[in-house]
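Asker: below is the sequence, then the predicted model.
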Amino acid sequence: MENHEEPLSLVLFSGTDDKLSAAAVLAVGAAAMGRPVHLFLQYWALDAFRADRILKDHGLSPEAGAAGAEAVSRHGGEHWSEILRQVKEIGEIDIQACALSMDMFQIQQSDLDPIVNGVTGVASFMSTATGAVVFI
Amino acid sequence: MENHEEPLSLVLFSGTDDKLSAAAVLAVGAAAMGRPVHLFLQYWALDAFRADRILKDHGLSPEAGAAGAEAVSRHGGEHWSEILRQVKEIGEIDIQACALSMDMFQIQQSDLDPIVNGVTGVASFMSTATGAVVFI
Amino acid sequence: MENHEEPLSLVLFSGTDDKLSAAAVLAVGAAAMGRPVHLFLQYWALDAFRADRILKDHGLSPEAGAAGAEAVSRHGGEHWSEILRQVKEIGEIDIQACALSMDMFQIQQSDLDPIVNGVTGVASFMSTATGAVVFI
């Protein structure tokens, strides 16, 4: 069953490091299989892509608890933003900030990490989001 | 790449105002591109669609924090239920409550806001959910 | 509109009982319509599938609150792991643990409930995830 050219669209809403890491892992897996990846950054995920805080501690989901936090920290591994940078090298990935959320935070593209390709509206995102759409 | 008739199915699980707003924005974007939109309301999202509380404060995701809550409140904008009402005018949208969750809350369709079209089972929802399925 | 053979891929990330129950319900609905179901277990969901804790109390989403917790507990119904076992009988379902998350928790397949079919990498999962991909 071939889906090498079936795109994967990820709407990133949550800004905690566990969900952003899970998103980056799905993106790298899809890109490794030759699938184009579209990221659309909303709300708390957009906030986490600001240039001045992308590498800061964004916390974990409340359910992680102390044992979960310890497992994540012991495991280490690459930062999710590093994984996304690598996806740009091995495959086709486009990262767009949601115009409405930019407005909400009163920020400009220059406030975001350069890994973000641009700012777009939701209708434009939806017109390219053929196939799977994943909300994280 | 045309996907004007590719439906978008949204399973709404979370009942916080930030996630419901994100869902309404995705729905309006999809409808604006001519995509039929199916909503299936479960758990805490269903609870938020009760007639007597749809306009009440449903809180935000825990990660929003004080700064996030302030950005949301300053931004204002239309209520998610208002946006969904507009989707009904510009496009094709069907909003169904999950029968199992109705049972859990011991409520009837008359307890829900009239924006909800009906109550259905998950198998029936799944039979119409061709294409993208988004869980929010 | 026929989608009887359109697979449904669920990435389970969250390990709370409300989200795992919602996932099991979507899986049973899809399987009842003849759709093959792929589950991929990451992070806190993987942790919840450990043999020694699958039946324990995994809590609810923070937004459930006291009234929500009471509704869930009053409603009762089958445990999500029981529902998934039934899906195995009525339909086609494959449950894979994410190799990276196994590594993070430093566990082996023998630590997981036998309902889990195996351990796999994300690229392999993505190569079978044609059609809808749902992140829960």
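Answerer: Done, it's in.
Asker: can you show me the strands along chain A?
Answerer: Counting by DSSP state E, chain A has strands at residues A:8-12, A:37-41, A:93-98, A:118-120, A:132-135.
Asker: quick check: the closest residue to chain C within chain A vs residue B:81, distance?
Answerer: Per C-beta to the nearest C-beta, residue A:29 is where chain A lies closest to chain C, at 3.3 Å. Quick note: C-beta positions are derived from backbone N, CA and C, even for glycine. Here residue A:29 is placed at a distance of 37 Å from residue B:81 (C-beta to C-beta, to the nearest Å).
Asker: equivalent analysis for residue A:109, please.
Answerer: Distance from residue A:109 to residue B:81, by C-beta to C-beta: 31 Å.
Asker: look at those two and report which has more neighbours.
Answerer: residue B:81 (16 against 12; other C-beta atoms under 10 Å in any protein chain shown).
Asker: now that one. Nearest residue, chain neighbours left out?
Answerer: Distance criterion C-beta to C-beta, 6 or more residues apart in numbering or on different chains; nearest residue to residue B:81, sequence neighbours excluded, is residue B:54 at 5.2 Å.
Asker: was I right about that neighbour contacting residue B:48?
Answerer: Yes - under the contact definition of C-beta atoms under 8 Å, residue B:54 touches residue B:48, with a separation of 6.6 Å.
Asker: mind checking which of those two has more residues around it?
Answerer: Between residue B:54 and residue B:48, counted using other C-beta under 10 Å, the more crowded position is residue B:48 (25 against 19).
Asker: quick check: residues of chain A near chain B?
Answerer: A:9, A:11, A:13-16, A:42-44, A:47, A:59, A:62, A:98, A:100, A:103-106, A:121-123, A:125-135 (C-beta under 8 Å from any C-beta of the partner chain).
Asker: now the buried members of those residues.
Answerer: Burial by neighbour count, 16 or more other C-beta atoms under 10 Å in any protein chain shown: within those this picks out A:9, A:11, A:13-16, A:42-44, A:47, A:59, A:98, A:100, A:104-105, A:122, A:125-135.
Asker: circling back to that earlier point, tell me who's in contact with the residue of chain A closest to chain C.
Answerer: By C-beta atoms under 8 Å, 6 or more residues apart in numbering or on different chains, the residues touching residue A:29 are C:121, C:122, C:123, C:125, C:126.
Asker: switch the cut-off to 7 Å
Answerer: C:122, C:123, C:125, C:126 (C-beta atoms under 7 Å, 6 or more residues apart in numbering or on different chains).
Asker: quick revisit: need the strands of chain A in a markdown table with distance to residue B:116 and mean pLDDT, can you?
Answerer: Shown next, in a markdown table, are these (distance: least, C-beta to C-beta, whole Å; pLDDT from 0 to 100):
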| stretch | distance to residue B:116 | mean pLDDT |
| --- | --- | --- |
| strand A:8-12 | 24 | 98 |
| strand A:37-41 | 27 | 98 |
| strand A:93-98 | 27 | 98 |
| strand A:118-120 | 31 | 98 |
| strand A:132-135 | 21 | 97 |
